[in-house]
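K.L.:
got a predicted structure here, sequence first:
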Amino acid sequence: MSKKEKSEEAKPSIEDLDKTIKDVKKLTDDSKVMIENRMKSKPLESATMIFMAGVILGVLIGSATARRS
């Protein structure tokens, strides 16, 4: 088998890419609905998690920029 034949076999078809895109879209839609339901059922817990994520990101970004100065 030549290199050209191998590279052509390794390339995904348009149908494969379309199916993968649809699968990813379905997964993200399902995840979005699940997160929205979780936030509606436990709003205080959700707000706390978002706040903590913001604090952690702030500390990481702050320490990264402080080291450059």
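P.N.:
Okay, I see it. What you see is a predicted model; the values in this text were computed from it and never measured. Numbers count the residues shown, from 1 in each chain.
K.L.:
any low-confidence regions in this protein?
P.N.:
Under the criterion pLDDT under 70, the flagged ranges of the chain are 1-9, 69.
K.L.:
what residue lies at the spatial centre of this protein?
P.N.:
Most central residue of the chain, judged by C-alpha distance to the mean C-alpha position with CA atoms, centre = their mean, is residue 28 at 8.4 Å.
K.L.:
now do it against residue 34, distance only.
P.N.:
Here residue 28 is placed at a distance of 11 Å from residue 34 (CB to CB, to the nearest Å). Bear in mind the C-beta positions are built from the backbone N, C-alpha and C, glycine included.
K.L.:
same thing with residue 56?
P.N.:
As for residue 56, its distance to residue 34 is 23 Å (criterion: CB to CB).
K.L.:
also residue 60?
P.N.:
Taking CB to CB, one finds residue 60 at 27 Å from residue 34.
K.L.:
then residue 40?
P.N.:
11 Å.
K.L.:
that older thread, please identify the helix or strand for the residue nearest to the centre of the chain.
P.N.:
Assigned by DSSP states H and E, residue 28 falls within helix 14-41.
K.L.:
grab the nearest non-local neighbour of residue 46.
P.N.:
Spatial nearest neighbour of residue 46, excluding adjacent residues (CB to CB, 6 or more residues apart in numbering): residue 39 at 4.3 Å.
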